[in-house]
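Asker: With the sequence up front, the predicted model follows.
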There are 2 protein chains.
Amino acid sequence: MAVIVECIPNISEGRRPEIVREIAAAVGASAPTVRVLDVSSDAEHNRSVLTLAGDPAGLAAGVLALFARTLDVVDLRAHRGEHPRMGAVDVVPFVPIEGVTMAECVALARTVGGQVASRFGVPVYLYEEASENPARKNLEDIRRGEFEGLAAKMATPGWAPDFGPAAPHPSAGASAIGARMPLIAYNINLATDRLEVAKKIAAAVRHSSGGLRFVKAMGVMLEARGIVQVSMNLTNFEKTPVPRVFEFVKREAARYGVNVLESEVVGLVPQAALIATAEYYLQLEGFSGSQVLETKLREG
Amino acid sequence: MAVIVECIPNISEGRRPEIVREIAAAVGASAPTVRVLDVSSDAEHNRSVLTLAGDPAGLAAGVLALFARTLDVVDLRAHRGEHPRMGAVDVVPFVPIEGVTMAECVALARTVGGQVASRFGVPVYLYEEASENPARKNLEDIRRGEFEGLAAKMATPGWAPDFGPAAPHPSAGASAIGARMPLIAYNINLATDRLEVAKKIAAAVRHSSGGLRFVKAMGVMLEARGIVQVSMNLTNFEKTPVPRVFEFVKREAARYGVNVLESEVVGLVPQAALIATAEYYLQLEGFSGSQVLETKLREG
C-alpha cells in the first residue's frame, strides 16, 4: 500500500508570483517522491499556500528546501498583509492520508521541527496533534501577537519554543509545525429564508457553544437563492463523522419545522469519510477500505 | 486521469495449476500495461477465473495471448467439470472502472471478439451490454446446451455467432465476449431465525419475481449464528443503487416485524457505489468523484 502524507505549508509571500514559483520549484526538485499539487497566492493576505503530497522522507526534504528558499527571499520586518502571521514560513501541517498513522505524522512534524531549528536557527512551535501542551495545540493561540509581538511573547513563561533559540529569527520569526486530520468543509442548506434558524442550529452543533467536539459552524444567508445555510468545518471526521452531523442538523431543523434541502462538500473529502457514511446508513459490518475496487486495482 | 478497465476471463481449466500459471504468465507478459490481479482455480468446476486490469489496448493484447495459450492446452472434448461451459476460453467480460465509458468497453469487446474469431477461428458471441440482440444478452441463454450441444444450437435460426465460423471450433467450442457493470455482492442480515421471512423478502426485491431491475436475491439461513440473510447480487449499482436496495429490504422486513441487523459487502465495491450511498443519505448536491482526496492526490 502506498504511503501518502499531505503537507500544506503557508508562507508569508503572496505578491511576487515569480518568487513563489521559485520556492515551489525548489520544493518539487527536493525529492523524487514529492509532488506539488497546488500553489495558491493571495495578494491581500500577502500569503501563499502550497499543497504537497509524498512519503515522510520526501516531504521532510521538501519542507527543508522550502525553508531554505523562503528564508532567502522573505523578510517579515518589511512584510504587510491582512492574514495573521508570525513566520516567513508561517505554518506547516502534516496530514495522514493513506497507509500512515497520525502518530507517524506527529513524529514527522517533530523530526522536521528539530531540523528546521538546527539548520536555520528558526524557533519552532509544535501545534495540534504534534503538541503535548493543551495550551499550545491551537494555532491561533500560538500565533496571537504575530511577528511584531513575538520577541515579547517568547520571553514570557510558557512560551519557550519546542525547538531552537528562545528568541525570534530576525527576519523569519518563528514557525508552527504540526499534524492534524484532514478538514472537511461541509454545508447543509435549509428550506427556509429564516437566518435565525441557521444561526440557532449552528450554535447547537458547534463545539464552542456546546455541540459536537470537532465541528465549527456558522449560520449564513444565501441571498441569491433566498435560503439559509449551516456552514461547517469538520475537523476530525473519524471522531465526529459526517452522517452524525447531518442527522443532528436535520433533527434540529425539524424542531423549527424546517426541512433539509440538500448538503454539499466544498473541496476535497477523504475516501474514509465516504466509507464511514455508507457504513453508518447501511449498517455495514466488517467493511475495509481495501474492498474499494479502485484502491485494489491501483495496488495490484 | 488513468484509464482502467477490468477484465475477468473464465477458462475451462482448473485442475492443472502449472498450466493455469503458464497461461496467466503469458497474459502478464503480453503488454506492459496489463496486470494480473488474481487467479482463482476450482477443481470441482475445472475452471479458473483471472482478474486483469489495464488500458483497452493492453487488455486486447492480454486476451489474445490468453486465447493463444489456452487453445494450445485445453481440449473441451476431454473436459469434465461441474460448471456450465461452451468454450476453452468460456467468457470474457470487460468492466469500466475509471476514466472509461461502458460504450468504450462495448467497443473493446467487439474489437477483441473480431480478432479472436479471425486469428483463432473461434466463433464469438457478444453478450450483456455488448450485444444488441435482447435474446442474446444473458450469458445463461447463450451458454445453454454447453459445448456438447453447441454444433446443433449454432445450426438453429438466431444462433449464428457475432464473429467467426458458423460451427464450433473442434477443441475450443465458442466464446462469449462482452461488457458489463461491476457486480456488487451485497447481503443483509436479519434479526430473526425465520427463513421464510428472508425468502419472502428475496422474492420481493429480486427482478425475476417482480422486484428491482438489477437485483438477484435469495434467502438463506446462517446456521452458526441462528439468523437469516437476504443474499444478493447487484448487477448495475448506477441504475439500482445500494441504498435503495437497503431501504427496500428494511421496509419489507418491518412488514414482518423484523429488524435489519447489519449488511455486508462481499469482495470489492466500486468507489462510485459508496459515493452514491453518501449522496443518497446526506442529500448531497453537486458532488463529483474528483473531490475524493485520495483520487486527487494520485492524479496530482
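Answerer: Okay, I see it. No experiment lies behind these values; they were computed from the predicted model shown.
Asker: Now do the same for the nearest residue to residue A:234 once chain neighbours are set aside: its pLDDT.
Answerer: Nearest residue to residue A:234 in three dimensions, chain neighbours excluded: residue A:184, at 4.2 Å (CB to CB, 6 or more residues apart in numbering or on different chains). Placement of C-beta: from N, CA and C, glycine included. Here, the pLDDT recorded for residue A:184 equals 92.
Asker: need the contact list for residue A:184.
Answerer: A:233-234, A:237, A:242, A:265, A:269-270, A:273 (CB atoms under 8 Å, 6 or more residues apart in numbering or on different chains).
Asker: same thing with residue A:80?
Answerer: Counting by CB under 8 Å, 6+ apart, residue A:80 has contacts residue A:46.
Asker: could you dump the lowest-mean-pLDDT helix or strand in chain A to PDB, C-alpha only?
Answerer: Sorting the helices and strands of chain A by mean pLDDT, DSSP states H and E puts helix A:293-299 at the bottom, at a mean of 77. Extracted C-alpha coordinates of helix A:293-299, given in PDB (Å, rounded to 0.1, in the frame of the first residue of the first chain):
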ATOM      1  CA  LEU A 293     -12.300  -1.600  -6.300                       C
ATOM      2  CA  GLU A 294     -10.200   1.400  -7.400                       C
ATOM      3  CA  THR A 295      -7.900   1.000  -4.400                       C
ATOM      4  CA  LYS A 296      -7.400  -2.700  -5.100                       C
ATOM      5  CA  LEU A 297      -6.800  -2.100  -8.800                       C
ATOM      6  CA  ARG A 298      -4.200   0.600  -8.100                       C
ATOM      7  CA  GLU A 299      -2.400  -1.600  -5.700                       C
END
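Asker: Quick one: name the residues of the stretch 201-300 of chain A near chain B.
Answerer: Residues of the stretch 201-300 of chain A lying close to chain B by CB under 8 Å from any CB of the partner chain are A:242-243, A:246, A:260-265, A:267-271, A:274-275, A:277-278, A:280-287, A:291-298, A:300.
Asker: Where does the residue of the stretch 1-150 of chain A found nearest chain B fall, secondary structure wise?
Answerer: As assessed by CB to the nearest CB, chain B sits closest to residue A:37 within the stretch 1-150 of chain A, at 3.7 Å. In this structure, residue A:37 sits in strand A:35-42 according to DSSP states H and E.
Asker: tell me what that strand is packed against?
Answerer: Strand A:35-42 sits against helix A:17-28, strand A:47-54, with contacts defined as 3 or more CB pairs under 8 Å, 6 or more residues apart in numbering or on different chains; DSSP states H and E.
Asker: Identify whichever of those lies nearest to residue B:16.
Answerer: strand A:47-54 (45.4 Å; CB to CB).
Asker: Each with direction, which strands does the closest one pair with?
Answerer: Neighbouring strands of strand A:47-54 in its sheet, by DSSP bridges, are strand A:4-7 (antiparallel), strand A:10-11 (antiparallel), strand A:35-42 (antiparallel).
Asker: distance between the shortest one and the chain's centre?
Answerer: Yep, that's strand A:10-11 we're talking about. For strand A:10-11, the separation from the chain centroid amounts to 12 Å (computed by CA atoms, centre = their mean, to the nearest Å).
Asker: What are the contacting residues of it?
Answerer: Contacts for strand A:10-11 (CB under 8 Å, 6+ apart): A:20, A:23, A:47-50, A:66, A:70, A:74, A:85, A:88-92.
Asker: doesn't residue A:63 make contact with residue A:112?
Answerer: Yes - using CB atoms under 8 Å as the test, residue A:112 is close enough to residue A:63 to be in contact (5.3 Å).
Asker: what is in contact with these two at once?
Answerer: Common neighbours of residue A:112 and residue A:63 (CB under 8 Å, 6+ apart) are A:92, A:177.
Asker: Run through the neighbouring helices and strands of the lengthiest strand in chain A.
Answerer: For chain A, the strand with the greatest residue count under DSSP state E is strand A:89-98. Secondary-structure packing of strand A:89-98 (3+ CB pairs under 8 Å, 6+ apart): strand A:4-7, strand A:10-11, helix A:56-73, helix A:102-120, strand A:124-128, helix A:139-143, strand A:175-179, helix B:293-299.
Asker: What's the separation between residue A:177 and chain B?
Answerer: In this view, residue A:177 and chain B are 21 Å apart by CB to the nearest CB, to the nearest Å.
Asker: wait, what's in contact with that residue?
Answerer: Applying CB under 8 Å, 6+ apart to residue A:177 gives the contacts A:63, A:91-93, A:109, A:112-113, A:116, A:124-127, A:130.
Asker: Residue A:191: neighbour count?
Answerer: Neighbours of residue A:191 under the rule other CB atoms under 10 Å in any protein chain shown: 12.
Asker: doesn't residue A:50 make contact with residue A:38?
Answerer: Yes - between residue A:38 and residue A:50 there is a contact under CB under 8 Å: 7.2 Å.
Asker: Looking at these two now, which is surrounded by more residues?
Answerer: Between residue A:38 and residue A:50, counting by other CB under 10 Å, residue A:50 is the more crowded of the two (24 against 13).
Asker: got a list of what the more buried one touches?
Answerer: Counted by CB under 8 Å, 6+ apart, residue A:50 has contacts A:8-11, A:23-24, A:27, A:36, A:38-39, A:66.
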